[in-house]
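Chemist: Here's a sequence, model it:
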Amino acid sequence: MIHPTPSGTRDVLPDEMRELRAITEAMRAVFDRRGYGEVWTPTIEFEDVLRRGETGVDPAYRVFDDHGQVMALRPDMTVPIARVVATRYATAEPPLRFSYFAHAYRGVRPHRGQMREFLQAGIELVGAPGPDGTVEALTVLCEALDAVGLVGYRIALGTAALYPALLDTFDVPADVRDVLLAALHARDFVRLENEVDARGLHDALVRVPQLRGGPEVLDEVTGGEADGLRAVLGGLGADVAQRIVLDLGLARGLGYYTGSVFDVLDPALGEPLGGGGRYDDLLARFGRPLPAVGFALHVDRLHLALAGEERGTG
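Modeler: As a prediction, the model looks like this:
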C-alpha cells in the first residue's frame, strides 16, 4: 500500500539526513564565528504580518485559528525576523546579526519538480547600511559556501534599483512598467524586447538588463545605482571579488528588495542555490526603520550541487 506525502513535500531518510546535517553544521560554524546569533520563529504566522512584508509570494498553506484569524506558513525567514526585530529588539543598538536554519513554504507548481516545503539557511544583518553591510553579507556567504566544500560557484550581483530607475528615466507609464517588470523577473528577454518594441520605447530597456560580466559593464550605465555596485565591488576582498559576476538584469522574486541583490550559481545545477540582497524599507513597515541585508541558501539544492561537483571530478 502506498501512502503519499502532500504534493511538493518529501521524506528525508538517514543517509541523506547525515549529509544535510554536515552541510548545515559547516555553515552554522561560519555564522557563529561571524557573530550571527541563531533564531527560531514560529512556522505559522498571522497572514497580515506576512503580507506586510509584500514578498510577492503566495503562501503554500492557509488555516484559521480558533478566533477565525487567517494564519499561513511562512514563505521565508526575512519577514518573521523583521517582526522579531521590531518587537523583541525595539530599542537594541544596531547592527543586529541573526542566523537561521528553518523550513519555508511557498505556493509552487510541484509537477515541475519544485518543492512547497524546503530548508533554508541564512543570515540577516540589520542596521548596517550599504555598501559595507552588503560587503559583509557577501563575504559571509562565500565563507559559508567554502566551508561546505562547494568549488565552482559564482555570485551574480546586480541591483533591484536599476531597472525602476531606467523606467523613470524614460517615463514609462505605470501599467506598462508592470508588464516589463514581470518579463524581467521571469528572465524572458524575448518577451521584454517584444513589449518594448511594440510600444516604441527606448532600446536601453532591453539592452541594459542583458549586460553581464566584470566591472566594465558598469561603464554602460550612469547614476547612483551603478555607483553603489562599484562601492560594493571596491570593498570586497580578492577571494570574494573573484567569485562575482555582474548581472544588471538580476531581479529576485521577493518584492521587498531595494538595492544590491545577488544569486548563488553553480554549473552543477541549473537553478540558483539561493541568494539575497538589501531590503532597506522592510523594517519600517514593522515600526523600526533600519537598513538591512541578508541571504538564504536552499540547503537541498546546495546538496545537489555538491553531489554534482563530486560526480564531475570523480
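Chemist: can you tell me which residues contact the nearest residue to Asp132 once chain neighbours are set aside?
Modeler: Nearest non-adjacent residue to Asp132, counting by Cβ to Cβ, 6 or more residues apart in numbering: Gly235, 6.5 Å away. C-beta: built from backbone N, CA, C; applies to glycine. Taking Cβ atoms under 8 Å, 6 or more residues apart in numbering, we find Gly235 in contact with 131-132, 134-135.
Chemist: What residues sit buried inside the helix or strand hosting Val85?
Modeler: In this structure, Val85 sits in helix 78-88 according to DSSP states H and E. Of all the residues in helix 78-88, those buried under the rule 16 or more other Cβ atoms under 10 Å are 78-86.
Chemist: Check the average confidence over it, would you?
Modeler: The pLDDT scores in helix 78-88 average 96.
Chemist: What is it packed up against?
Modeler: strand 44-46, helix 47-52, strand 96-105, strand 117-126, strand 292-298 (3 or more Cβ pairs under 8 Å, 6 or more residues apart in numbering; DSSP states H and E).
Chemist: quick one, which of those is packed in tightest?
Modeler: strand 292-298 (a mean of 26; mean count of other Cβ atoms under 10 Å).
Chemist: Neighbouring strands - and their directions - for it?
Modeler: strand 117-126 (antiparallel), strand 269-278 (antiparallel) (DSSP bridges).
Chemist: okay if I get the ones you listed as JSON lines plus mean pLDDT and distance to Leu150?
Modeler: Shown next, in JSON lines, are those (pLDDT from 0 to 100; distance: least, Cβ to Cβ, whole Å):
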{"stretch": "strand 117-126", "mean pLDDT": "97", "distance to Leu150": "13"}
{"stretch": "strand 269-278", "mean pLDDT": "94", "distance to Leu150": "8"}
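Chemist: For Gly275, name its beta-bridge partners.
Modeler: Asp263, Ala296.
Chemist: separation between it and Leu265?
Modeler: Going from Gly275 to Leu265 by Cβ to Cβ, to the nearest Å gives 9 Å.
Chemist: Please give me every residue in contact with Leu290.
Modeler: The neighbourhood of Leu290, defined by Cβ under 8 Å, 6+ apart, consists of 85, 94, 126-127, 283-284.
Chemist: do the same with Phe46
Modeler: Phe46 makes contact with 69-72 under the criterion Cβ under 8 Å, 6+ apart.
Chemist: and those residues, which of them are in strands?
Modeler: 70-72 (DSSP state E).
Chemist: tell me which residues in stretch 221-234 are buried?
Modeler: Within stretch 221-234, the residues scored as buried using 16+ other Cβ under 10 Å are 221, 225-226, 228-229, 231-233.
Chemist: same thing with stretch 208-217?
Modeler: 208-209, 211, 217.
Chemist: sorry, back to before: in a markdown table: the strands paired with strand 292-298, plus distance to Ala174.
Modeler: Converted to a markdown table, the strands paired with strand 292-298 look like this (distance: least, Cβ to Cβ, whole Å):
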| stretch | distance to Ala174 |
| --- | --- |
| strand 117-126 | 31 |
| strand 269-278 | 24 |
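Chemist: Buried among the ones in strands among the contacts of Phe46? Make that a ChimeraX selection.
Modeler: In ChimeraX, this line selects whichever of those come out buried by 16+ other Cβ under 10 Å:
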select :71,72
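Chemist: Going by distance to Glu16, which of the ones in strands among the contacts of Phe46 wins?
Modeler: Nearest to Glu16, judged by Cβ to Cβ, of the ones in strands among the contacts of Phe46 is Ala72 at 28.2 Å.
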